[in-house]
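Trainee: Okay, predicted coordinates and the sequence, questions at the end:
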Amino acid sequence: MKLRNTLNGHEYTATLPTDHGSCSYGQEIVVADTGEVIGLNTFNICELLEATDEELDALESAGYLY
């Protein structure tokens, strides 16, 4: 998926891994191509530029979208 931070204009390519060190019990989290975990607060100031249907479903399941 692709995200853009609306405050600084930075664009990220991100994934939703379940095996990242910050994952809890296999819960998917958003991780930028820089390795940075994008938490819910940061995600809420990002514009979702591109995502597959599977990514959208995973984002909703993980609580990033509602």
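Mentor: Everything's here; your move. Residues are numbered from 1 along each chain as shown.

Trainee: Show me where this protein has its strands.
Mentor: Applying DSSP state E to the chain gives strands spanning 2-5, 11-15, 30-32, 37-38, 46-50.

Trainee: So for Tyr66, which of those sits nearest?
Mentor: When the strands of the chain are compared by CB to CB, strand 46-50 sits nearest Tyr66, at 13.2 Å. All C-beta atoms are positioned from the backbone trio N, CA, C, and that covers glycine.

Trainee: State which helix of this protein is the longest.
Mentor: Using DSSP state H, we find that the single longest helix of the chain is helix 53-61.

Trainee: Next, the residues that contact it from outside, please.
Mentor: 1, 16, 28, 30, 51, 65-66 (CB atoms under 8 Å, 6 or more residues apart in numbering).

Trainee: quick one: the closest residue to Cys46 other than its chain neighbours from Ala51, how far?
Mentor: Excluding its sequence neighbours, the residue lying closest to Cys46 (CB to CB, 6 or more residues apart in numbering) is Leu3, at 4.3 Å. Leu3 sits 9 Å away from Ala51 when distances are taken as CB to CB, to the nearest Å.

Trainee: quick revisit: how about TSV for the contacts of helix 53-61, with neighbour count and distance to Gly9 added?
Mentor: Conversion of those to TSV gives the following (neighbours: other CB atoms under 10 Å; distance: CB to CB, whole Å):
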residue	neighbour count	distance to Gly9
Met1	18	17
Leu16	21	23
Glu28	19	26
Val30	25	18
Ala51	17	19
Leu65	14	22
Tyr66	5	25
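
Trainee: Specify which member of those is nearest to Ile45.
Mentor: Val30 (12.7 Å).

Trainee: about what we covered before: okay but the residue nearest to Cys46 is in contact with Thr15, surely?
Mentor: No. If you go by CB atoms under 8 Å, Leu3 and Thr15 don't touch, sitting 11.0 Å apart.

Trainee: In terms of neighbours, single out the busier of these two.
Mentor: Leu3 (22 against 15; other CB atoms under 10 Å).
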